[in-house]
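[1] Structural data only, the sequence is not supplied:
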């Protein structure tokens, strides 16, 4: 399970870094607009550094499938990006206005992390997975999704920014779903190998 969580969070963190490199000009423009002197810029950069893990979990919600919201009129998924009025926060400049056509390739990230996690599951003598192990893995996947959702969701008052981050139950189901797909896929591949060997 640690492999799954570490793999997902590492992939999401790399995605945030890649987005920062790709959108660095927009980030600098917003930073200059909200911070005038060197002291203010330093303070904003430190604040941004503190929120990088939260943005990584938002990126994780995107690659898992459900995406995340930033208020009532901004929702980001791999396929659709609806951006409304955003506050002048430099990290929000990393959100792409339009998802690239190759964005769905990023769905491989949770799949690879899930496959990596299922490789360590105990197996019976005939090579089949223990159903109890699969059940435990799916439960842990939901717990991991809940953890990511709780740590990255919130809101600012009852108004337009009442909901910020991913929807908890969607991230839980998506996290467990990728593990289920990985388990079933791995089992299918093993069964086909046995069939062709005999």
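    Cool, the structure landed. Please read these numbers as outputs of a predicted model, since none were measured by experiment.
[2] Report all helices and strands that the lowest-mean-pLDDT helix or strand in the chain contacts.
    Between all helices and strands in the chain, the lowest mean by mean pLDDT, DSSP states H and E belongs to helix 131-152, at a mean of 74. The contact analysis (3 or more CB pairs under 8 Å, 6 or more residues apart in numbering; DSSP states H and E) places helix 131-152 against helix 2-22, helix 38-64, helix 108-118, helix 168-197. Where you see a C-beta, it was placed from the backbone N, CA and C, and this is true even at glycine.
[3] please redo it, this time with the cut-off set to 6 Å
    helix 38-64, helix 168-197 (3 or more CB pairs under 6 Å, 6 or more residues apart in numbering; DSSP states H and E).
[4] Helix 2-22 and the longest one, what's the angle between them?
    It refers to helix 168-197. With axes from the mean of the first three to the mean of the last three CA atoms, to 10 degrees applied, the angle from helix 168-197 to helix 2-22 works out at 110 degrees.
[5] mean confidence score for helix 168-197?
    When pLDDT is averaged along helix 168-197, the result is 79.
[6] how far off helix 108-118 does it point, in degrees?
    Using the same axes, to 10 degrees, helix 168-197 lies at 60 degrees relative to helix 108-118.
[7] cool, and the first one?
    Between helix 38-64 and helix 108-118, the angle formed by their directions is 70 degrees, by the same axes, to 10 degrees.
[8] Would you mind listing the buried residues in stretch 91-106?
    91, 92, 93, 94, 95, 99, 103, 106 (16 or more other CB atoms under 10 Å).
[9] any idea how far the closest residue to the first one other than its chain neighbours lies from residue 41?
    Read it as residue 91. Nearest non-adjacent residue to residue 91, counting by CB to CB, 6 or more residues apart in numbering: residue 48, 5.2 Å away. To residue 41, residue 48 is 10 Å away according to CB to CB, to the nearest Å.
[10] Residue 86 too?
    Taken as CB to CB, the span from residue 86 to residue 41 is 20 Å.
[11] coming back round to it: what sits in contact with each of residue 48 and residue 41?
    When contacts are counted by CB atoms under 6 Å, 6 or more residues apart in numbering, the set common to residue 48 and residue 41 is empty.
[12] pretty sure residue 61 is touching residue 171, no?
    Yes - between residue 61 and residue 171 there is a contact under CB atoms under 6 Å: 5.5 Å.
[13] Report the contact partners of the closest residue to residue 176 other than its chain neighbours.
    Computed as CB to CB, 6+ apart, the closest residue to residue 176 that is not its neighbour in sequence is residue 141, at 3.9 Å. With contact taken as CB under 6 Å, 6+ apart, residue 141 is in contact with 175, 176, 179.
[14] Quick check: ChimeraX command selecting the buried ones in the residues you listed.
    Selecting only the buried entries of the contacts of residue 141 in ChimeraX, with 16+ other CB under 10 Å as the criterion:
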select :175,176,179
